[in-house]
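Enquirer: here is my input; please provide its structure:
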Amino acid sequence: MRHILIIGIGAGNPEHMTVQAIGALNRADIVLIPQKGAEKAELADLRREICARYLTNPRTRLVPFDLPQRDAARADYRGGVDDWHAAIAATYRALLKTHLAEGGTAALLVWGDPSLYDSTLRIVALLRESADLAIDHTVIPGIASPQALAASFRMPLNTIGGAVHITTGRRLAQEGFPDNADTALVMLDGDLSFRHLAGDAFDIFWSAYLGMADETVISGRLADVAAQIAATRADLRRRKGWIMDIYLLRKRQGVT
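Expert: Just a heads-up that it's a prediction; the model follows:
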């Protein structure tokens, strides 16, 4: 049986690595380094930097590979995601059979925490269905982007006794702000769905590239900063070729 370590590496700062994560990294025979094209080389570089800083096991090898890309233009969103996950699982299967002997251990370095809006655990579940590849896996938690966001703004995620709703931009656009919460954390929002909300009713705390050298943050009443966030996001994505952002929306006091 082969073993997979699914290691949360934090939101972008190499110092987000926990002692547990460093220990797990050094138990691996191979570390799989996904490459997502030239425009996202920075993401692979950060994984390499983490390995260079914390990897002390001389027997551990880095194995770079090209990660399959999702067809973002496909109208059937769920079907497209399912096919994408299946393609990644097939890639992992080929890599493990080629680069890892029976009884060996591979590490997957997952941005943030593996449990929150990341599909690695689902993909590994698909991989475990392979009839000719017996695997087990262990999950090492990491600092997730909501935690890093709260730390960057020096704020708690929740109000006293208040609920926090975690959702995606797609769901926010379809369903609006949740009725049963006063705080919403919005992830994976390429369309800036906050623009459909009443700007006077919310404060927003937005950040891109959390934990990285070029972390960018904007906050304020939504009506006052929505256009600034949109312009800043577009400029950052144009200059870097990719963007990873998250924001928190909070109902303003006295607004119903």
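
Enquirer: rest of the way, CA atoms for contacts and neighbours
Expert: OK.

Enquirer: residue boundaries of the strands in the protein?
Expert: With strands called from DSSP state E, the chain shows them at 2-8, 30-35, 61-66, 105-110, 135-140, 164-168, 183-187, 202-208, 216-221, 245-251.

Enquirer: could you export those strands as CSV, including mean pLDDT?
Expert: Below are those laid out as CSV (pLDDT from 0 to 100):
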stretch, mean pLDDT
strand 2-8, 98
strand 30-35, 95
strand 61-66, 96
strand 105-110, 98
strand 135-140, 97
strand 164-168, 97
strand 183-187, 98
strand 202-208, 98
strand 216-221, 98
strand 245-251, 98
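
Enquirer: adding distance to Ile22 and mean neighbour count, write these out as JSON lines.
Expert: Shown next, in JSON lines, are these (distance: least, C-alpha to C-alpha, whole Å; neighbours: other C-alpha atoms under 10 Å):
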{"stretch": "strand 2-8", "distance to Ile22": "9", "mean neighbour count": "22"}
{"stretch": "strand 30-35", "distance to Ile22": "12", "mean neighbour count": "20"}
{"stretch": "strand 61-66", "distance to Ile22": "15", "mean neighbour count": "14"}
{"stretch": "strand 105-110", "distance to Ile22": "11", "mean neighbour count": "24"}
{"stretch": "strand 135-140", "distance to Ile22": "10", "mean neighbour count": "17"}
{"stretch": "strand 164-168", "distance to Ile22": "28", "mean neighbour count": "18"}
{"stretch": "strand 183-187", "distance to Ile22": "27", "mean neighbour count": "23"}
{"stretch": "strand 202-208", "distance to Ile22": "26", "mean neighbour count": "23"}
{"stretch": "strand 216-221", "distance to Ile22": "27", "mean neighbour count": "17"}
{"stretch": "strand 245-251", "distance to Ile22": "26", "mean neighbour count": "22"}
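
Enquirer: possible to save the ones you listed as CSV with distance to Asp76?
Expert: Converted to CSV, those look like this (distance: least, C-alpha to C-alpha, whole Å):
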stretch, distance to Asp76
strand 2-8, 29
strand 30-35, 25
strand 61-66, 24
strand 105-110, 26
strand 135-140, 30
strand 164-168, 17
strand 183-187, 20
strand 202-208, 28
strand 216-221, 33
strand 245-251, 24
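
Enquirer: hang on, Tyr209 packs against Val217?
Expert: No - in this structure, Tyr209 is not within contact of Val217 by C-alpha atoms under 8 Å, at 9.1 Å.

Enquirer: find residues that contact each of the two.
Expert: Common contacts of Tyr209 and Val217 (C-alpha atoms under 8 Å, 6 or more residues apart in numbering): none found.

Enquirer: tell me who's in contact with the residue most central in space within the chain.
Expert: Using C-alpha atoms, centre = their mean, the residue of the chain that lies closest to the mean C-alpha position is Trp111, 4.8 Å off. Counting by C-alpha under 8 Å, 6+ apart, Trp111 touches 8-12, 144.

Enquirer: again, only this time at 6 Å
Expert: Shown in contact with Trp111 (C-alpha atoms under 6 Å, 6 or more residues apart in numbering): 9-10.

Enquirer: repeat that for Ile22.
Expert: Applying C-alpha under 6 Å, 6+ apart, no residues contact Ile22.

Enquirer: low pLDDT regions in the protein?
Expert: Applying pLDDT under 70 to the chain flags the ranges 38-39, 254-256.

Enquirer: hmm, try it at 50
Expert: Scanning the chain for pLDDT under 50 picks out nothing.
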